[in-house]
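K.L.:
model the structure of this input:
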Amino acid sequence: MSRVLITGGTKGIGLAAVKKFLNCGDEVIVAARNNDCGFADDQRVKIIQCDLSNRAAVKCLLTEAENIDILINNAGILQGIPYDKYTDENIDYIVNLNLIAPITLAIYFGRKMAERGGGRIVNVASQAAMAGNPDIWYGMTKAALVNFSKSFAGLLGSLGVIVNSVSPGPVGTEMVSGSPYGERFDKIRKRTYLGRFARAEEIADVIYWLAKESPEYLNGENIVINNGALGLEMS
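P.N.:
Sure, this is the predicted structure:
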């Protein structure tokens, strides 16, 4: 049994990952803005309410979640704001949530894992890290997260800490269904081999494999999960 910290674990990919780890016998800590994930009565689940866009709140999370074997940095947001309409507040929000929070958690818990002999970190990025996105701050933060994963794997790999990232294309979650980029997402869907968006459970399966089953030699890699649809024009 492993002790797993999953950020943004109350919906979408994060919730699917929580269910996957629980079904496989692990103990899960969920860090999210709300505690509505349907596991309040499950003794294997600890829910920590935390706004990960708030740097002070992230620092508090470091002390509330202890003895982590696996860190899943899943929380993130696509704001859908035109590139020339971002305010300073918009920029701070997305950078803090999509980049500063996962890096802060990875540095802290990665060091703790190394002290205990090893552990695993999986960062959830996006196809936008490679293909670009009209929400430029989303694409930039996800690209930086992929780069951080590679760098951090190099820094801690020899100490037994395995760090990888996954970059899904559009997934059938609220972030896609409520996005202003519906037409663009539909183009991506049509370019997939199966003609559909990924299911959150499919992404969770890959996250679980990286966190529990993949060989230790697979370190510092980024797995793109988009069913062949990578490389879509920005429009």
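
K.L.:
what segments of the protein are strands?
P.N.:
Along the chain, the stretches classed as strands by DSSP state E are 3-7, 27-32, 45-49, 70-73, 119-124, 161-168, 222-225.

K.L.:
hey, which of the ones you listed is tucked in deepest?
P.N.:
Of all those, strand 70-73 carries the top mean neighbour count, a mean of 29, counting by mean count of other CB atoms under 10 Å. Just so you know, the C-beta spots here come from the backbone N, C-alpha and C atoms, and that holds for glycine as well.

K.L.:
give me the sheet partners of that strand and which way each runs.
P.N.:
When sheet partners are counted by DSSP bridges, strand 70-73 sits next to strand 3-7 (parallel), strand 119-124 (parallel).

K.L.:
dump it to CSV, restricted to CA.
P.N.:
Output of strand 70-73 as CSV, limited to C-alpha atoms (Å, rounded to 0.1, in the frame of the first residue of the first chain):
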residue,chain,number,x,y,z
ILE,A,70,3.6,9.2,-4.5
LEU,A,71,2.7,12.8,-5.6
ILE,A,72,0.3,13.4,-8.5
ASN,A,73,0.3,17.0,-9.5
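
K.L.:
what packs against the longest helix anywhere in the chain?
P.N.:
Longest helix of the chain, by residue count under DSSP state H: helix 136-156. Under the contact criterion of 3 or more CB pairs under 8 Å, 6 or more residues apart in numbering; DSSP states H and E, helix 136-156 touches helix 88-95, helix 101-116, strand 119-124, helix 128-131, strand 161-168, strand 222-225.

K.L.:
identify the residues contacting the third one?
P.N.:
Pointing back at strand 119-124 there. With contact meaning CB atoms under 8 Å, 6 or more residues apart in numbering, strand 119-124 is reached by 13, 68-74, 76, 102, 106, 109-110, 112-113, 145-146, 148-149, 152, 160-166, 168, 203, 207, 210-212.

K.L.:
gap between the residue lying farthest from the centre of the chain and F185?
P.N.:
Most distant residue from the mean C-alpha position of the chain: D84, 26.3 Å away (CA atoms, centre = their mean). Remark: distance between D84 and F185 (CB to CB, to the nearest Å) = 22 Å.

K.L.:
same thing with E27?
P.N.:
For E27, the distance to F185 - CB to CB - is 35 Å.

K.L.:
just F109 next, same as before
P.N.:
33 Å.
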